[in-house]
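Colleague: Fold the following for me, if possible:
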Amino acid sequence: MCRSSRGFVAMVPGRPDAYSSVFYFAAEAPIPPDSLLGRFVFGDDAYRNARFKIVNRIVKGPWLVRATVGNYGACLLGRALTCRYHRGDDYLEIDVDIGSSAIATAILHLALGAVTSVTIDMGFLVESQSEEELPEKLFGAVRIAQMEMGSAKYVETASDEPETAGKAAPGFRVGSARVANDSRHQERASGKASRSTSCQERLGGGEGPNHS
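Modeller: Numbering: from 1, shown residues only. Coordinates of the predicted model:
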């Protein structure tokens with residue numbers, strides 16, 4: 001595989017509508033199958049659920065959001081939320097259902113109430129679980145800044161049932177980013193590794209991996 005891309009689709013529960021945030025990341029060089037990222041891309045869902053991690057930093061936002069979400073955080077998404085993985089010849093899509101956790105949904109609704117004044121950095125990585133796999137490195141990052149939910153666009157999906165056509169949940173592309181080996185991001189990811197467990201407990205993710 002000469003090039004590989006990874007897409008993330010985050011299903012965001014809303015009232016009354018749901019939203020989808022879509023992020024795309026592309027590799028600029030072949031991914032060695034025996035590397036940490038390679039084992040994630042080419043491995044099975046159990047491995048992905050055990051390793052797929054997000055780190056975040058609230059850059060700007062009201063005190064209540066900072067106090068609830070935390071200025072910094074790290075979480076194994078595959079254990080805390082329902083993640084579904086779709087592999088193709090040259091891509092890996094990860095669908096993250098935020099609504100699969102009642103606590104995550106409640107926190108999100110709080111953040112959405114102040115979304116136009118919130119700026120958050122999010123980084124995605126494969127968690128290192130041994131000394132040999134360190135240091136952790138982000139394979140993608142994105143900043144969401146003062147988002148206007150009203151700008152979300154409805155996306156019609158193909159359907160065999162005429163009465164359901166055009167009733168797909170609204171979606172919008174929040175942003176995309178291509179991230180190389182940036183040492184600042186790597187250090188930020190490594191520094192938050194120890195906080196993954198507490199995030200899982202907060203989101204009620206102690207039930208083990210979710211499989212697609």
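Colleague: count of neighbours near the closest residue to T116 other than its chain neighbours?
Modeller: Of all residues not flanking T116 in the chain, Q146 sits nearest, at 5.3 Å (C-beta to C-beta, 6 or more residues apart in numbering). All C-beta atoms are positioned from the backbone trio N, CA, C, and that covers glycine. When counting by other C-beta atoms under 10 Å, one arrives at 12 neighbours for Q146.
Colleague: Check V22 too.
Modeller: With neighbours defined by other C-beta under 10 Å, the count for V22 comes to 16.
Colleague: element containing it?
Modeller: Following DSSP states H and E, one finds V22 within strand 19-26.
Colleague: what's that strand packed up against?
Modeller: Using 3 or more C-beta pairs under 8 Å, 6 or more residues apart in numbering; DSSP states H and E, the elements in contact with strand 19-26 are strand 5-12, strand 138-145.
Colleague: Comparing these by mean pLDDT, which bottoms out?
Modeller: Note on those: strand 5-12 shows the lowest mean pLDDT, a mean of 64.
Colleague: Output the longest helix belonging to the chain.
Modeller: helix 102-112 (DSSP state H).
Colleague: Show me what it is packed against.
Modeller: Helix 102-112 packs on helix 63-69, going by 3+ C-beta pairs under 8 Å, 6+ apart.
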